[in-house]
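In: no sequence on this one, just coordinates:
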C-alpha cells in the first residue's frame, strides 16, 4: 500500500492515549456571562428549531447562553433569574431550554445525572470547549416521566448534543441515552462545521472514550471534523447508524468499540471523502445492514483486527473507495456477502477470515450488469475494481467463496481464490491446502 496509508499505533501508544484522555484535568471555574436570549436571533440554532415540523409542547423560544469564562451546571443554575430553566440538586440537574456554549467558553459536566427535557426543547450546542465526565445524560419526557421517544423516521424532536466550528468536545466514562432525531446536526451526538456553504476554515475535534450509548439516533455523527477519537465505547440500539463519520472528516481513530444492533442501517459507516482513518479492534454485530461500510471517495483507511458478525447484509462493504487496507479481520455469519467490493481501486485484503456468510465470502465487481445505473455522484467516483489478496482464510460461504464480476481484477496475491467466471457459468473457488487457501 502507498505511504499515505495510516500506521496502526503500538499498544503502548494506545495506552498512552487512553491515559491522556481519561486523566485530562477539568478546567477551573472562571467568571463569564450567563444570559437568556431569544433563539430566533441566533443563526444556526434559530434555523435548527425553525425547521422543526412541530415545536416541543413547552417551548419558550429562549436559550441559556454562556459567553466567556468556565462554567459548571451548578454555577449556571445559580445565575438563572428563577427556576424552570436549569434546576440542580445534589444528585440531578434538569435542563429545560437549549444551552449554548459560546466561543472561547468552557462548560464542564461531571458526576451528575443531567435530564434534558424533551417537553421544553432542551439541547446542548457548543462552539467552545465541552467536557462531559462520569455523568449520565438522558433525554426525558417530563410529562410522561419516561424516556424521550421519536417515531420510526425520527420526526419527533428529542434533545441532542451538537458542536460546531473549531470547538473541542471530550466525553468520557458517561452514559448517554435517548438522544437525537432526524434533522441536520440533531442526530444525538453531532460534530460539524457551522453552515455548509463556502470554504471551511474551522473544523471541530472530538474525543469519546469509555462511554455507553443507548438509543441514540446516530451513535456518533461528524461532518468536516478533523482530529477524532472514538474509543472503547459501547453503542447499542441506535436508530440508524452506530458510528457515522461523514463528509470530509479526517484524522480519525475508531478503536475498541462495541457497536450492536443498529436498527435501520449499518454499524460503522464512513461516507464521502473520509481520509487518514484507522478502524481497529471493533466489534460490529447484529446490525440491520452491514457491520462496516465505506463509500464515496474514502481514501487511506486502515481496517484491522475487527469482528463483524450476525449483520443483516455484509460483514464489510466498500463502494467507490481507494487505498484501503483490510488486514486481520473476521467477517462471519452475516446475512449476505462476507466482503463486498464495488468499483474500488488499490484495495488490499490480507489475513482475513471470511466464513459462514449467507452469500459469497468475497464478491468484487464493477457497474457492469448492475441492476441500476450509477447516479450522478457515483458516476464521478467509479474506479476500476482492483484488489490484492494475501493469506486470507475463506470457506463455508453459502454462495461460494469468491466471485468476480465485470472487469474486476486480482492484482496480486492469490488469484486462484477468485477465478474469472466464463460467460456460461461461474467457476467455484478452489480451496484447501493444495491451493494455499486453508479452511
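Out: Thanks, I have it. Just so it is clear, the structure is predicted and the values come from calculations on it, not from any experiment.

In: does residue 103 count as helix, strand or coil?
Out: Secondary structure, DSSP: H, G, I helix; E, B strand; the rest coil: residue 103 is coil.

In: On the pLDDT front, check it for me.
Out: Note on residue 103: pLDDT of 96.

In: max-length helix in the protein?
Out: Of all segments of type helix in the chain, defined using DSSP state H, the longest is helix 11-23.

In: what is the rounded mean pLDDT of whatever helix or strand comes next after that one?
Out: Proceeding N to C from helix 11-23, the next assigned helix or strand is strand 33-38, under DSSP states H and E. Averaged across strand 33-38, the pLDDT comes to 97.

In: Report all helices and strands that strand 33-38 contacts.
Out: strand 62-67, helix 73-79 (3 or more C-beta pairs under 8 Å, 6 or more residues apart in numbering; DSSP states H and E). No exception for glycine: its C-beta is placed from N, CA and C like everyone else's.

In: need the helices for the protein, in chain order.
Out: Counting by DSSP H, the helices of the chain are 11-23, 43-50, 73-79, 376-379.

In: export the ones you listed to TSV and tack on mean pLDDT?
Out: Formatted as TSV, those follow (pLDDT from 0 to 100):
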stretch	mean pLDDT
helix 11-23	98
helix 43-50	94
helix 73-79	97
helix 376-379	76
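
In: Same list (those helices) but as TSV, adding distance to residue 402 and mean neighbour count.
Out: Listed next are those as TSV, based on distance: least, C-beta to C-beta, whole Å; neighbours: other C-beta atoms under 10 Å:
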stretch	distance to residue 402	mean neighbour count
helix 11-23	33	13
helix 43-50	47	16
helix 73-79	56	17
helix 376-379	24	12
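
In: Relative to residue 145, which of those is closest?
Out: Shortest distance between residue 145 and the helices of the chain, using C-beta to C-beta, is found for helix 73-79: 21.1 Å.

In: And the closest one, how far out from the chain middle?
Out: 32 Å (C-alpha atoms, centre = their mean, to the nearest Å).

In: Contacts made by it with the rest, please.
Out: Helix 73-79 is contacted by residues 29, 34, 64, 66, 85-88, 93, 99, 109, 112, 114 when judged by C-beta atoms under 8 Å, 6 or more residues apart in numbering.

In: any idea which of those is closest to residue 306?
Out: Of all the contacts of helix 73-79, residue 306 sits closest to residue 109, with 31.3 Å by C-beta to C-beta.

In: dump the residue contacts of the closest one.
Out: Counting by C-beta under 8 Å, 6+ apart, residue 109 makes contact with 72, 73, 130, 131, 132, 133, 135, 137.

In: hmm, 6 Å instead?
Out: By C-beta atoms under 6 Å, 6 or more residues apart in numbering, the contact set of residue 109 is 132, 135.

In: what sits opposite it in the beta ladder?
Out: Following DSSP bridges, residue 109 is listed with bridge partners residue 132.

In: Fine by me, thanks again.
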